[in-house]
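> pasting the sequence and the predicted model now:
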Amino acid sequence: MFARLRGVLHADHSPDDSDDYELLLPSSSDSNGHVSQPSNGSIASSPYASRRRRTKLIKYIKHFCTLRRLLFAVALVPILLVAAVLWSGIPPDFKDVREYERRLPQHNGNDAMARGDRYLRFPGHLWGHGLNNVLQEALLMSYLAYEANRSYVFEDYVWSHTPFSYTLYDFALRPARIPLNAFISGPTAGGPMPDVAAAVSSSFFEKVCPKASRKVISSRDAPTDAEGSMLIKWWVDKLETVPDRCVEVDSSEKVVFDRFLFGGPRILSILPGMFSSPILSRFSWSPLVLSAITRNFAVLRPQNLDVLLYSPHAGSRVFSASSSLKQSASTDDSSSTSESHTSISTSSSSSSSSSSTSDSSTYPPMFEGMLAVHIRRGDYKRHCPRLAQWHSNYMGIAQLPGLPDRFDPSSFDHDEGIAASSTDDEVGNERDGNTDPEDTPHTREEYYLAHCLPSVSQIVKRLSAVRREHNLQQQNQDTNMTLALPPLSKVYVLTNGWSFWLSQLFESLKADGWEDVVSSFNVEGNLDREQKYVGMAVDMAIAERAEVFVGNGFSSLSANIILLRMARGMDIRTNRFL
């Protein structure tokens, strides 16, 4: 049988068989230009050759697609998928950080019992979201615990509640949980705090507070729509009536601090207390994050090496930030912001407030000459047009009085064109240093996109305008300054954009006169396994220390950077928006 099959295959490929090569039937023309038709034999042979080719193809498929080979291919698919997932590597387990948390001095049950420490835990905390949504909630929850004179129970950063150590995301393994101290230090993560017992980990809480001893209170009746300061007061008053040592808040019916609080101006009334509390005055990024900044000294090239060193915020710096906010708010012409949003109380004398913002000797260590800009791409291509449809405003912190830039799409409320009475600032023209009619927004969506998802040309023009304004402001500073800052010359780009898009942006920025342009990807290349998983915090720590920050007002990342820059003592006027 096999001999016959070989004979058939040999006959099919005989050089005498011209059907396999005559894909186009030959034709000829006579001297009068008439085309002669092919012979009947050739016409008859064409469908026959086609059938033979189909027959050979079927034989070929049957020969190679055997049941054994199909089963092998099916078994190979999951192996290839696993190999592709493992190609990205096994994430770190952060065992050393967990051991650090376990050995915190307050994690001694006998001492805690002797001191009579009281605890406040929020088991319904946010999880499965980005770092900055979780961070802003944790800071506010720890502030509430501080005001209630209770020890805050901090949690891991949780991406998934899977029982395994890792979960699958974007076709790669990632840690299901990361200890909070991998990202931040300070009171929220168990750092020392005066007058109130230090925060403890959830694992320690479960040891010293068995379920039978826990008092559970519900958030059902909380006035979540109230002014932020009133919401905090409601919770403090409620907790004062609870004598129990171990308290948990059940937020299954109503979120304690919802996204509308962080996304609107009601959050501003809480900031005076937060700025004067240890929650922000002693906030610091974790040693892991700070070590990543130090490792990238050659990329960042600081003129003052103090910016690379670990230095928690000092009270004097908080006063500098608070007085700067108060001073700027007093001259703000925004009539829509209530007085409760603008008043920042300080414990220092007002006589030193003016010098704190004009004398650069009081500036905290910073990356001098650096402008950090947050440019988010990816999901924002869908998100930004939706913001225009929802008529959304900037994040609450991005609406702080005293910030130089305002977002005002009101000129598009009645029609889709630019109102004749609108100022250049309202339509984002001169504010952006933008005189190109093609870059001038003519619809609500275009206005939103210019601030939320700007093009390369819009970014270049915006940063050029900020550089010009800031350098001019520095030149006009008090001549009694003991240390003059250099002009802006470097750009650090916090971004998740694609490399080919970044290449175009870098070329355009350098063509506009910026001496040095680097991004998150330049820093990431120098990070170790643990540092890469806190890369967003590394970006934020760099932006917090930049001389000028240009953020995206719709982003919680940008809002948190502004909050931490204010707590660090940076001049409020150095916080700008796209």
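Yes, it's here. Residues are numbered from 1 along each chain as shown.

> what ranges do the helices span in the stretch 51-200 of the chain?
Secondary structure of the stretch 51-200 of the chain by DSSP state H, counting those that start in this stretch: the helices cover 67-87, 95-102, 109-115, 131-147.

> low-scoring stretches of the stretch 151-300 of the chain, by residue?
171 (pLDDT under 70).

> try 80
Under the criterion pLDDT under 80, the flagged ranges of the stretch 151-300 of the chain are 166, 168-172.

> sorry, back to before: wait, which of the helices of the stretch 51-200 of the chain is closest to Cys384?
helix 131-147 (17.3 Å; C-beta to C-beta). Quick note: C-beta positions are derived from backbone N, CA and C, even for glycine.

> how far off centre is that closest one?
17 Å (C-alpha atoms, centre = their mean, to the nearest Å).

> I'd like to know which elements that helix is packed against.
In terms of contacts (3 or more C-beta pairs under 8 Å, 6 or more residues apart in numbering; DSSP states H and E), helix 131-147 is packed against strand 151-154, helix 228-240, helix 259-262, helix 271-276, helix 278-281, helix 535-545, helix 556-568.

> from Glu547, how far out is Ser464?
Relative to Glu547, Ser464 is positioned 16 Å away (criterion: C-beta to C-beta, to the nearest Å).

> among these two, which residue is more densely surrounded?
Glu547 (22 against 17; other C-beta atoms under 10 Å).

> which of the helices or strands spans that one?
strand 546-551 (DSSP states H and E).

> if we can go back for a sec, weakest of the helices of the stretch 51-200 of the chain by average pLDDT?
Note on those: lowest mean pLDDT is at helix 67-87, with a mean of 73.

> who are the packing partners of that one?
strand 172-175.

> who does the strand it packs on pair up with?
strand 166-169 (antiparallel) (DSSP bridges).

> isn't Ser464 up against Val491?
No - assessed by C-beta atoms under 8 Å, Ser464 is found out of contact with Val491, at 10.8 Å.

> Arg377 belongs to a helix?
No - with DSSP: H, G, I helix; E, B strand; the rest coil as the criterion, Arg377 is located in coil rather than a helix.

> need the contact list for it.
Contact partners of Arg377, counting by C-beta atoms under 8 Å, 6 or more residues apart in numbering, are 453, 495-498, 501.

> pLDDT at it, what is it?
pLDDT at Arg377 comes out at 92.

> okay but Ile217 is in contact with Val242, surely?
Yes - counting by C-beta under 8 Å, Ile217 touches Val242, with 6.4 Å between them.

> and the closest residue to Cys384 other than its chain neighbours, how far from Glu446?
Excluding its sequence neighbours, the residue lying closest to Cys384 (C-beta to C-beta, 6 or more residues apart in numbering) is Cys452, at 3.8 Å. Cys452 sits at a distance of 11 Å from Glu446 (criterion: C-beta to C-beta).

> more neighbours: these two, which one.
Cys452 (25 against 17).

> contacting residues for the more buried one?
Taking C-beta under 8 Å, 6+ apart as the test, what Cys452 contacts is 380, 383-384, 387, 552-554, 578.

> now swap in His391 and tell me
His391 neighbours (C-beta under 8 Å, 6+ apart): Pro409.

> my guess is Ser88 contacts Arg174, does it?
No - assessed by C-beta under 8 Å, Ser88 is found out of contact with Arg174, at 9.0 Å.
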